[in-house]
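Engineer: Below is the sequence, then the predicted model.
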Amino acid sequence: MPKANKTHSTVDGNRLKRKGAGAGSKRSRKPAKDPNKPKRPPSAFFVFMSEFREQYKKEHPENKSVTAVGKAGGNEWKAMSDADKAPYIAKAEKKKAEYEKTIKAYNMRLAEGKNPSEQTESDKSNSEVNDDDKDDEEEEEADE
């Protein structure tokens, strides 16, 4: 008796067809993520962990294990009182407020129909860029 194939494949002539494969699949694909979309802000725990990692690495330079640092940070966070956590919560709230402003601006740009990925690399206006070019040319002429 042959073994059951876990991929649910069937043989049709010489071609092997897999269930769910091919262009005619009924699965809907997720739209591609926009690389210019602002990243979500870290939670209070992750703000704490960023500082804790640096401290832990100084105290334990021989320990390179990510899991050891994570477990030690988690245990430290659980042992902290609410008063000890307050500065990290405040930093997280501040980062969340900044994120909300940037995501609001990002969504406004999308609503206006502007693609954020098509923006220039810097925030300088064209006149400022041209001014910089003129300054460069003047410096080159002065050197000659």
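Structural biologist: Now that the structure is in, tell me what you want to look at.
Engineer: wait, Phe52 sits on Glu76?
Structural biologist: Yes: counting by CB atoms under 8 Å, Phe52 touches Glu76, with 6.4 Å between them. All C-beta atoms are positioned from the backbone trio N, CA, C, and that covers glycine.
Engineer: So between those two, which is more surrounded?
Structural biologist: A direct count of neighbours by other CB atoms under 10 Å for Phe52 and Glu76 places Phe52 higher, at 19 against 15.
Engineer: so what's that one closest to, chain neighbours aside?
Structural biologist: Once flanking residues are discounted, Phe52 sits nearest to Gly73: 4.6 Å by CB to CB, 6 or more residues apart in numbering.
Engineer: in which helix or strand would I find the one you found?
Structural biologist: helix 66-79 (DSSP states H and E).
Engineer: quick one on the thing from earlier: what about the residue nearest to Phe52, how many neighbours?
Structural biologist: 20.
Engineer: i'd like the first residue to be 5 from this point on
Structural biologist: Understood, numbering begins at 5; the last thing we discussed is Gly77.
Engineer: didn't it look like it was pressed against Met53?
Structural biologist: Yes: in this structure, Gly77 is within contact of Met53 by CB under 8 Å, at 5.0 Å.
Engineer: Flag the shaky bits of this protein, pLDDT-wise.
Structural biologist: The chain contains residues with pLDDT under 70 at 5-30, 118-148.
Engineer: repeat that with 90
Structural biologist: The chain contains residues with pLDDT under 90 at 5-40, 67-68, 114-148.
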